Each structure stands twice: as structure tokens, then as C-alpha cells.
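Peer 1: Got a sequence here, can you model it:
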Amino acid sequence: MALTAKTLGEMTAAGEGSALEFKRSTAELRGAMQTLCAFLNGEGGTVLFGVSADGKHVGQPVSDATLRDLAQAFERFEPPPAVRVERLGVTGGREILALSVSGPSDAVPFVFEGRAYERALSSTRRMPQGRYERLLLDRANSRRRWENQPAENVTLRDLDRDEVYRFTDLARAAGRLFGPTERNLGRALDRLGLRADGRILRAAVVLFGRRFLPDFPQCQVRLARFRGVDKTEFLDQRALHGPASGCSTRWSCSASGTFRCLGALCQDVWSVSIGR
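Peer 2: Presented below is the predicted three-dimensional model:
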């Protein structure tokens, strides 16, 4: 929502709350940044400079130095926030500054000057250590990881149906999947958490894909056979492209097929790197 005289009036009439704070001027910049940090760690919100505690539009002078002070304050956040800065002129050449952030975000928890903050009604306070640590764990296991994103232009035909069924049979035998095993590919992917809203996820391609290039070049195992143990000279190398679910099988077959005459693979030194 753009900052206009009408929207400003509506905001200030509602008064301060869980997503809105008034500051008379940027002389209160540090406290404003702490509140902005709290908004980032919550549902988002707006800090208005040039508005008194009772909601009057007093405005303040806004110069290049004012904007530099804001930019320097933003640099004291970690991770860097996305802040929308808007200006609205009022009487006497003074302006209202509005700093707005969205939430929630997968980047939480945000900290300002090394400390995390949260909003409690219309007050800003230090975030308890326990909640901060839980949010850090949630960020480390974010729901928006690369493998959890939809795989563009991938259909059920691009997946190895037999490999999916083999995998679900193994999971059920190991006690990791309960109930009857599916012989419907879409439902099997749903049970494995590899589809979201009917869209195939990238993880499904990595595990069971038939085609990897050019979109998934990281789905490969690189094998090299070296002379000696110092890896300064190699005798043979190859790259195996394929799904992760069958990767170890193909690696073993390739190695044993190439060196079965040796009687034991331990007579050679192998280096294996998985594409990233």
C-alpha cells in the first residue's frame, strides 16, 4: 500500500500496535531499528518518522545526511533486510518517512547490532534466547530449500516409475513407510513428500529422474582411478549421470565391471566426488 495522505491518516488514526510504531524524528533512529527488527521477526510492520506519540503529523526535515544515516543503520542488520522507504511531504517543507518490512520470512531470526527483537502488542523487547535458538534451527531447516522447490517442466513421464516403486517397497520393508505400497506414481510421490500441490519437486528429479542435463548437471558421480596413493596421476576417469536412488548401484557395477580382473577393488585407489 503506497504512502499517501489518506493512507497515512488511516494508519495514524488506528494508533500504534503490533505492526505500527511512531517516532517523532530520526533522532530516535536506534530504537526505530530495534522495532524494525522486531517486525522482521514477526508479521512485518511500519515505522513512521515525523509522527508524534499521539499520532500528530509533525514531520521532520529529510536531507541526504538523513538518508545516509538510514542506509548505515540498515547495514547493522543481519541478515540484510529488505526495507521499503517512502516519503510524504507535509507542511513547512517537512516530511513523513515510512520504513516498511514484510513478514514472515525464511530469513528469520533477524538481529540488529547483534541482538534479536520481537514485538509484544505495541512494545518492542529483546527476544528470549530460547526462541532465538529455535528460529535459528528453523532457518537451518527452511522449508524453502532448493530441493523443496517445484521442478519446472517436469512431468511424471520424466521419472523412473519402477525405481520409485522399488524405493517405496524398500522403505516399507525398513519400517519407514506404513500402509500398502502405492502403484500409482502420483500418490507414491505424495506419500514420499516429493510433490506439493500436484507439482513435482526438484528432490523427486534428483532421486528418480530419467533426464538430468542441462537442468540438473549436479546429478553425477565422478570416478577416477589413480596410479599409487598420492593422486598425482590417474589411469582412468568417468562421470556417471543418474538418479541418487540408484547411484551407489551403478557406481559399484561400473567399478567391478572395469576391475573385475583385479579380484579385489582394494588393490586400487579410487576418488569419488558427488556433483554439487
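Peer 1: Where do the strands of the stretch 1-150 of the chain begin and end?
Peer 2: For the stretch 1-150 of the chain, the strands defined by DSSP state E, counting those that start in this stretch cover 20-23, 44-49, 77-78, 84-89, 95-102, 111-112, 117-120, 123-126.
Peer 1: Show the contacting residues for residue 62.
Peer 2: If you count contacts by Cβ atoms under 8 Å, 6 or more residues apart in numbering, residue 62 has them with 87, 94, 95, 97. Bear in mind the C-beta positions are built from the backbone N, C-alpha and C, glycine included.
Peer 1: For residue 30, which non-adjacent residue is closest in space?
Peer 2: Closest residue to residue 30 in three dimensions, ignoring its sequence neighbours and counting by Cβ to Cβ, 6 or more residues apart in numbering: residue 73, at 7.8 Å.
Peer 1: burial count for that neighbour?
Peer 2: 19 (other Cβ atoms under 10 Å).
Peer 1: Make 9 the starting number, not 1.
Peer 2: OK, 9 is where the count begins now, so the last one is residue 81.
Peer 1: wait, doesn't it sit right on residue 37?
Peer 2: Yes: counting by Cβ atoms under 8 Å, residue 81 touches residue 37, with 5.8 Å between them.
Peer 1: hmm, back to that, closest one to residue 162 among the strands of the stretch 9-158 of the chain?
Peer 2: In terms of Cβ to Cβ, the element of the strands of the stretch 9-158 of the chain nearest to residue 162 is strand 103-110, at 29.9 Å.
Peer 1: buried set for the closest one?
Peer 2: Buried residues in strand 103-110, counted by 16 or more other Cβ atoms under 10 Å: 103, 104, 105, 106, 107, 108, 109.
Peer 1: For the stretch 109-258 of the chain, which segments count as helices?
Peer 2: 137-148, 169-181, 193-199, 210-216, 255-267 (DSSP state H, counting those that start in this stretch).
Peer 1: so of those helices, which one's packed in deepest?
Peer 2: helix 210-216 (a mean of 22; mean count of other Cβ atoms under 10 Å).
Peer 1: Perfect, that will be all.
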